[in-house]
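**Student:** Sequence first, predicted coordinates after that:
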Amino acid sequence: MPLNNLLSDPVNALTDAYRNSVDMRKRLYGESLLKSFTGRTDVPVSNSDFTPSELANLDSLIKQHYQQKMAYFTRPKAELLQDAAQLEQNAQDDIRRSNREQKNGLTLITPERFQNRARLQLTQAQQLRDAAQGKLPTDFTFDYMGYGERTDRSGVNSFSNDPLGWAQTLGRFRYKIDPATGAYEAYDKYDFNNEVHKYEAEKYADMPPPARLANALINTLFGDPYALGEAYLTGSKSVPISIKGRVK
């Protein structure tokens, strides 16, 4: 760190040094936990929490994702309608499976998972039908890319699937984009109520506060690096995300 920067603006200089030396995934996790413990979960994750280089990487990631989505939604009309029909058929199959699960009381795969997947497939089918009529979506979900996956036996996430780091930093996040200008906003919640952490988060939510803290600390010590997040960054404790950028 240049000495003149430290002397002229010590707060910003130290902040820059911190952000340049600590991985943004760890920063966001720790800072969000601090917001949870101090009752500041109304303060969103925003551009000011990241370095210019990190934000430029986010621009690049969303640009690539948006281009892939546009290539998918601008295919020939017949292809779009064919895929929409297949998704609708898949959704009906899932609804029938859900009904069988409920009737038979099977627990290997919960009926709710079939129902949720059916709803998603019907939404995707409608998007394809709209695209076939020239109405392209402007709101997208960035899918999970290794976020929270247990990639080795120690339970430590290697983050090897995303060199830019954002997919693991925010997990699955939404963004809305203006096709004319390329301006976008990444928005969602930084929480642990997702496909990866849902059941652990629900366990903690049912515990009284002393038990929640004790179990979260014990589980952290015994190899779950996300235990505190699962216990304290779900539901009303989650932190909103609002990061703005441009891809053109």
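**Tutor:** Looks like it came in fine.

**Student:** Residue 193: what's it in contact with?
**Tutor:** Neighbouring residues of residue 193 by Cβ atoms under 8 Å, 6 or more residues apart in numbering: 201, 202, 234, 235, 238. C-beta coordinates here come from the backbone N, C-alpha and C atoms, glycine included.

**Student:** What helices and strands are in contact with whichever strand or helix holds the first one?
**Tutor:** Here residue 201, judged by DSSP states H and E, is contained in helix 198-205. Based on contacts counted as 3 or more Cβ pairs under 8 Å, 6 or more residues apart in numbering; DSSP states H and E, the elements that helix 198-205 packs against are helix 209-221, helix 227-232.

**Student:** tilt between that helix and helix 209-221?
**Tutor:** Angle of helix 198-205 versus helix 209-221, following axes from the mean of the first three to the mean of the last three Cα atoms, to 10 degrees, is 140 degrees.

**Student:** Can you name the element that comes right after the worst-scoring helix or strand of the chain on mean pLDDT?
**Tutor:** The weakest-scoring helix or strand in the chain, judged by mean pLDDT, DSSP states H and E, is helix 3-8 (a mean of 51). Counting by DSSP H and E, the next helix or strand C-terminal to helix 3-8 is helix 10-21.

**Student:** and residue 87, how far is that from residue 70?
**Tutor:** To residue 70, residue 87 is 19 Å away according to Cβ to Cβ, to the nearest Å.

**Student:** Comparing the two, which residue is more hemmed in?
**Tutor:** Remark: of residue 87 and residue 70, residue 87 carries more neighbours, 21 against 13, as counted by other Cβ atoms under 10 Å.

**Student:** re the thing from before, what about the helix holding residue 201, distance to the chain center?
**Tutor:** Once both centres are worked out by Cα atoms, centre = their mean, to the nearest Å, helix 198-205 turns out to sit 17 Å from its chain's centre.

**Student:** got the buried residues for it?
**Tutor:** 200, 201, 204 (16 or more other Cβ atoms under 10 Å).

**Student:** which one of those sits closest to residue 41?
**Tutor:** Nearest to residue 41 among those is residue 201, at 15.0 Å by Cβ to Cβ.
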